[in-house]
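*Asks:* My questions are about this predicted structure, shown below with the sequence.
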Amino acid sequence: MNTITIQAPAVATKRTTKEWQQADAAHFMHPFTDFGALAKKGSRIITRAEGIYLWDSDGHKILDAMSGLWCVNVGYGQQALVDAATRQMKELPFYNAFFQTATPPAIELAELLAQVSPPQFKHVFFAGSGSEGNDTVVRMVRRYWDILGQPERQIIIGRKNGYHGSTMAGASLGGMSYMHAQGGLPIPNIVHIDQPYAFENGKGMDTAEFGKLAASWLEAKILELGADKVAAFIGEPVQGAGGVIVPPSTYWPEIQRICDKYGILLVSDEVICGFGRTGNWFGCETMGFKPDLMTFAKGVTSGYIPLGGVMVGDRMAKVLIEQGGDFNHGYTYSGHPVACAVALANIKLIQQLKLVEHVRDDVGPYLAEHFAGLREHPLVGSTETCGLMGAILLVKDKAKGLPFASDLEVGMLCRSHCFANGLIMRAVGDRMIIAPPLVMTRSQIDEMMALIRRCLDLTLADVRAKGWF
Ligand SMILES: *Cc1c(COP(=O)(O)O)cnc(C)c1O
């Protein structure tokens, strides 16, 4: 053999926390970060993980109630995923799928994804991430209408405070105004309607009524634009990065009805909600709608390796396959064999451990009960959960439903207490959110709830001391 054997480098050299932070600040530009501010403060260096826990470079143990970044559904340290990657790397570390070729892991994963997806999905287009998956959505949706001779159907409707990734198309589909403000976004022919967030957009309304009202904004937008100009609507079944906003149960069926009425494609961004998070394989099943496309990433490999893609429903697959000709789109890593091998092992593990049922029947309801119990806390205005994701809204006056002034950054204050007390809970404004690994047990939820209560109490003491409460 002509391969040269070299000593594998240690996974990382040993350095002190300070040394890591200095090298980090000198060279590593982090995503969604104020580079200058972080360089002064220093990053927290995470070095190891097991189950639902992380350890930092100072040896602190941290309960990861965010599953990394909404992705480590099977928890850390699953040997089956490690073995799948190792075996595939030895056998065939890479081959592409461009030139009329395919690899066994990509084919088998496509087959398995079709099995676990709702029945209208038998085909998949692979990408490297959720953002790339949503770029594919834009290309595929517009191509579909071109093939059908309706090229004027260009506009895709998303939602304010929706999140669909950070590429040009992903950030455009998303409705984060602070992202649009940088880089001249959105790209043309992407527009947004308001989100189904009752606390901001439906104060005092009956929940079911509000769900229908929020869905009616889609119909109003379609009529304003002209139905013959609208290609698709995209949304997350439950908004994740926007703050775990669970829509009323009346919302999605009404969205479905409106899309059907005008023949508009319906896209479910399942990057967070997919692979058991909501107590079903996909969030659209929990929310009761039948999309034409589903974007996935994150939980498909439990984050062990990057992979994303789009499930393509029969309505679109038929046209693309039978009438489409060449589709001039794809990525070097579409169907990467190692990523696909890890995804196969991950999905099989979700099946073996019955994690979807575990969330639906056991820990999901258990979390819901405990989050509801938090509403007695003086700081907590409301809580909501869906499967194993949840949000706690911190408010100034719960009787009147008054929020804190946003410049007080009460959510960030709470988050810093979590950080200091060994809990990863994220703040989106004053919404404290969690999405823990699906392998979590009831006793681990008890442990997490104790940490959450302690951090809420510390935050309450702070806002009282500052005279904000
Ligand atoms: C994270 C996320 C994305 C983007 O995925 P990346 O892998 O970060 O590109 C897209 N949509 C949703 C709903 C997400 O949560």
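*Replies:* Structure's in. What do you need? What you see is a predicted model; the values in this text were computed from it and never measured.
*Asks:* Grab the most central residue of the chain for me.
*Replies:* Ile272 (2.9 Å; C-alpha atoms, centre = their mean).
*Asks:* wait, is that one part of a strand?
*Replies:* No. Assessed with DSSP: H, G, I helix; E, B strand; the rest coil, Ile272 is coil; it does not lie in a strand.
*Asks:* How about the secondary structure of Phe275?
*Replies:* Under the three-state scheme (three-state DSSP), Phe275 adopts coil.
*Asks:* shift numbering so it begins at 551
*Replies:* Yep, numbering from 551; the last one is Phe825 now.
*Asks:* re earlier: does the residue nearest to the centre of the chain really touch Asn623, like I thought?
*Replies:* No. Ile822 is beyond contact range of Asn623, at 10.2 Å (criterion: C-beta atoms under 8 Å). C-beta coordinates here come from the backbone N, C-alpha and C atoms, glycine included.
*Asks:* what's the overlap in contacts for those two?
*Replies:* Common neighbours of Ile822 and Asn623, counting by C-beta atoms under 8 Å, 6 or more residues apart in numbering, are 848-849.
*Asks:* confidence score at the residue nearest to the residue nearest to the centre of the chain when sequence neighbours are not counted?
*Replies:* Spatially, and ignoring its direct neighbours in sequence, Ile822 is nearest to Gly790 (3.9 Å; C-beta to C-beta, 6 or more residues apart in numbering). Listed pLDDT for Gly790 reads 98.
*Asks:* Spit out the contact partners of Gly790.
*Replies:* Neighbours of Gly790 in contact, by C-beta under 8 Å, 6+ apart: 620, 713, 821-823, 939, 985.
*Asks:* Asn646 now?
*Replies:* Contacts of Asn646 by C-beta under 8 Å, 6+ apart are 882, 884-885.
*Asks:* ok, now with 10 Å
*Replies:* Applying C-beta atoms under 10 Å, 6 or more residues apart in numbering, we find Asn646 in contact with 652-653, 656, 880-887.
*Asks:* Same list (these) but as CSV, adding distance to Thr836 and neighbour count.
*Replies:* Below are these laid out as CSV (distance: C-beta to C-beta, whole Å; neighbours: other C-beta atoms under 10 Å):
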residue, distance to Thr836, neighbour count
Ala652, 33, 13
Thr653, 33, 21
Ala656, 28, 24
Gly880, 31, 16
Tyr881, 30, 21
Thr882, 34, 10
Tyr883, 30, 20
Ser884, 28, 21
Gly885, 28, 26
His886, 29, 27
Pro887, 32, 24
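*Asks:* Run a quick neighbour tally on the closest residue to the ligand within the stretch 551-700 of the chain.
*Replies:* Sorted by distance to the ligand under C-beta to the nearest ligand atom, the residues of the stretch 551-700 of the chain start with Gly680, at 2.3 Å. The burial count assigned to Gly680 is 30, neighbours taken as other C-beta atoms under 10 Å.
*Asks:* Name the nearest residue to it, ignoring sequence neighbours.
*Replies:* Ala847 (3.4 Å).
*Asks:* Let me know the pLDDT of the one you found.
*Replies:* Predicted confidence (pLDDT) for Ala847: 98.
*Asks:* ok, it to the ligand distance?
*Replies:* Distance, Ala847 to the ligand, using C-beta to the nearest ligand atom, to the nearest Å: 4 Å.
*Asks:* swap in Ala719?
*Replies:* Distance, Ala719 to the ligand, using C-beta to the nearest ligand atom: 11 Å.
*Asks:* what's that residue in contact with, if anything?
*Replies:* Counted by C-beta under 10 Å, 6+ apart, Ala719 has contacts 681-689, 706, 735-737, 740.
*Asks:* Which ones among those lie within helices?
*Replies:* Members of these lying in helices (criterion: DSSP state H): 681-689.
*Asks:* what about Cys1005, which helix or strand?
*Replies:* Applying DSSP states H and E as the criterion places Cys1005 in helix 992-1015.
*Asks:* And the average pLDDT for that helix is what?
*Replies:* 98.
*Asks:* Show me what that helix is packed against.
*Replies:* strand 611-614, helix 914-923, strand 939-944, helix 960-970, strand 973-974, strand 981-984 (3 or more C-beta pairs under 10 Å, 6 or more residues apart in numbering; DSSP states H and E).
*Asks:* Flag every buried residue along that helix.
*Replies:* Using 16 or more other C-beta atoms under 10 Å as the test for burial, helix 992-1015 gives 994-995, 998-999, 1001-1002, 1005-1006, 1008-1010, 1012-1013.
*Asks:* still on that earlier bit, so which of the helices and strands packed on helix 992-1015 gets nearest the ligand?
*Replies:* Nearest to the ligand, of all those, is strand 939-944, at 11.0 Å by C-beta to the nearest ligand atom.
*Asks:* Give the other helices and strands that the closest one contacts.
*Replies:* Counting by 3+ C-beta pairs under 10 Å, 6+ apart, strand 939-944 packs on helix 914-923, strand 930-936, helix 960-970, strand 976-978, strand 981-984, helix 992-1015.
*Asks:* Just give me how far that strand sits from the chain centre.
*Replies:* Computed by C-alpha atoms, centre = their mean, to the nearest Å, the chain-centroid distance of strand 939-944 equals 16 Å.
*Asks:* does it come close to the ligand?
*Replies:* No. Judged by C-beta under 6 Å from any ligand atom, strand 939-944 stays clear of the ligand, getting no closer than 11.0 Å.
*Asks:* Please find the angle between the direction vectors of that strand and strand 930-936.
*Replies:* Counting by axes from the mean of the first three to the mean of the last three C-alpha atoms, to 10 degrees, strand 939-944 lies at 170 degrees to strand 930-936.
*Asks:* mean confidence score for strand 939-944?
*Replies:* If you average the pLDDT over strand 939-944, you get 98.
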